[in-house]
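# Give the three-dimensional model of this entry:
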Amino acid sequence: MEEFFEIEEYKQSYLTQKRLDFLYDENWFKMFVPKDYGGLELSLTEGVKILTKAATIQGGLGWTLNLGAGANWFSGFFNDSTAKLLFSSPKAVIAGSGFVSGTYEVNDSKVMLNGKWSRCTGAAHASLFSLNAKSESGKITSFVVPKEKVKLSEDKWPIFGLKNTSSHTIALNKVEILREYGFKINDIKNHEEYAMFHIPFESFARVCMTSSFIGIVKCLVRLIERDLLSKKPELAADIQKILKLILKSEAKRNELSEELSYLSFSKELSVNFETQLKAQLGENNELLYELVQQLFFKGGLPFVEEDQLIHWAYRDVLTGVQHYMVKP
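Numbering: from 1, shown residues only. Presented below is the predicted three-dimensional model:
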């Protein structure tokens, strides 16, 4: 799977079955799922290295993995029997929306959901969808819904890059699910000994998004080295500069991941540490982006010609850096 993607794979709105099978075979969507449910039960540091590796192959591949594996982390917030039911399938993966754009009503042992939720990354292959809904009293609750109960919109997110992440809007019309399919992030219901489940969502997501962004930049650099460097040897110094910063960024990411896991599990995590984590990761991401822009300025037409892979990998960088979890 180390081979480069074709241009058509960048332009389409989904990953091919071959690419998905690679992720399933490696069990990467379930990197943060307990082994009891067929997952890898990796540490944060182990997992985020894989996120960078996947995005280095291709940005959309890494981004799709990031959102799916990150949402599967919710497996810790259901009771054991429900988690086993939802996450034991080898192809269990959640596509989620962070928006509160629907309603729910509780009726005995069931919950009825109505509404539309946009930008559910990985919708084309998801087995489950996560969403946030509001009750009549204004209470917001998160739920997962099996794909059989979800209607996918034909509308695709008209995004500039990371196009093959299958980000769709979903609609639910009077859909009933079990009350047990409701959950609260970090309200641990199983495998309390697994340190991953103790990490606050925002810091967890920020480390994961940074890891994907680093990989997206590495993907672009690989293509420049392969397709452009021999024609423009003057880029060598800029490439060395960006590779040096990538190594620094990965080392800082690893260090912060280890510390975040330890402090979260030992209940010693402070707001100050989370603030520093956001700033340090975000500042390195911003510096990486600025160095990419220097390559763009000096690299010439391959960055803007749509028949060049460099152009499509560059689009992924421009899109990824817009995520608020990537910024300082």
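
# okay but Lys218 is in contact with Leu247, surely?
No. If you go by CB atoms under 8 Å, Lys218 and Leu247 don't touch, sitting 10.5 Å apart. Where you see a C-beta, it was placed from the backbone N, CA and C, and this is true even at glycine.

# neighbour-wise, which of the two wins?
In terms of neighbours (other CB atoms under 10 Å), Lys218 is the more surrounded of Lys218 and Leu247; the figures are 23 against 10.

# Which helix or which strand is home to the more buried one?
For Lys218, the enclosing helix or strand under DSSP states H and E is helix 201-227.

# what helices or strands is that helix leaning on?
With contacts defined as 3 or more CB pairs under 8 Å, 6 or more residues apart in numbering; DSSP states H and E, the secondary structure elements packing on helix 201-227 are helix 44-57, helix 59-72, helix 236-265, helix 271-299, helix 309-320.

# Export the ones you listed as CSV, with columns for mean pLDDT.
Output for the helices and strands packed on helix 201-227, formatted as CSV (pLDDT from 0 to 100):
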stretch, mean pLDDT
helix 44-57, 99
helix 59-72, 98
helix 236-265, 99
helix 271-299, 98
helix 309-320, 99
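
# Leu229: which of those helices is closest?
helix 236-265 (6.6 Å; CB to CB).

# That closest one versus helix 201-227: what angle between them?
Per axes from the mean of the first three to the mean of the last three CA atoms, to 10 degrees, the angle that helix 236-265 makes with helix 201-227 is 160 degrees.

# Could you double-check that Lys149 sits in contact with Ile177?
Yes. Under the contact definition of CB under 8 Å, Lys149 touches Ile177, with a separation of 6.8 Å.

# Looking at the two, which is more packed in?
When Lys149 and Ile177 are compared on other CB under 10 Å, the one with more neighbours turns out to be Ile177, at 18 against 14.

# distance of that one from Phe129?
The gap separating Ile177 from Phe129 is 10 Å, by CB to CB, to the nearest Å.

# Please enumerate the shared neighbours of those two.
Listed contacts common to Ile177 and Phe129 are 144-145; contacts here mean CB atoms under 8 Å, 6 or more residues apart in numbering.

# shaky segments in the stretch 51-200 of the chain?
Judged against pLDDT under 70, the stretch 51-200 of the chain has no low-scoring part.

# Just the strands from it, written as ranges.
Secondary structure of the stretch 51-200 of the chain (DSSP state E, counting those that start in this stretch): strands located at 94-107, 110-120, 128-134, 140-146, 151-156, 168-178, 182-183.

# Report the residue ranges of every domain in the protein.
Described in terms of automatic domain parsing, the domain architecture of the chain consists of the residue ranges 7-87, 94-183, 195-320.

# Number of residues surrounding Gly59?
Count around Gly59 with other CB under 10 Å applied: 33.

# quick one: contacts for the nearest residue to it once chain neighbours are set aside?
The shortest distance from Gly59 to any residue other than its chain neighbours is 3.2 Å, reached at Asp316 (CB to CB, 6 or more residues apart in numbering). Residues touching Asp316, when contacts are defined by CB under 8 Å, 6+ apart, comprise 10, 58-60, 63, 161-162, 216, 219-220.

# List the buried residues in stretch 175-184.
Neighbour-count burial for stretch 175-184, counted by 16 or more other CB atoms under 10 Å, picks out 175, 177, 180-183.

# quick one, which of the strands of the stretch 51-200 of the chain is nearest to Phe265?
Relative to Phe265, the nearest member of those by CB to CB is strand 182-183, separated by 20.1 Å.

# can you give me the offset of the helix holding Lys218 from its chain's centre?
Mean-position distance between helix 201-227 and its chain equals 11 Å (CA atoms, centre = their mean, to the nearest Å).

# what mean pLDDT does that helix have?
Mean pLDDT, computed over helix 201-227, is 98.

# what angle separates that helix from helix 44-57?
Computed with the same axes, to 10 degrees, the direction of helix 201-227 lies at 40 degrees from that of helix 44-57.

# Identify each buried residue in helix 201-227, please.
When burial is assessed from 16+ other CB under 10 Å, helix 201-227 yields the following buried residues: 203-224.

# that older thread, of all the domains of the chain, which lies closest to Lys189?
Taking CB to CB, domain 7-87 is the member of the domains of the chain nearest to Lys189, at 4.9 Å.

# That closest one: end-to-end distance?
Between the start and the finish of domain 7-87 there is a gap of 33 Å, counting by CA to CA, to the nearest Å.

# could you redo the helices and strands packed on helix 201-227 as JSON lines and give each row distance to Thr169?
Putting the helices and strands packed on helix 201-227 into JSON lines (distance: least, CB to CB, whole Å) gives the following:
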{"stretch": "helix 44-57", "distance to Thr169": "25"}
{"stretch": "helix 59-72", "distance to Thr169": "15"}
{"stretch": "helix 236-265", "distance to Thr169": "32"}
{"stretch": "helix 271-299", "distance to Thr169": "28"}
{"stretch": "helix 309-320", "distance to Thr169": "18"}
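
# Mean neighbour count, those helices: which tops it?
Comparing these by mean neighbour count (mean count of other CB atoms under 10 Å), helix 59-72 comes out on top with a mean of 28.
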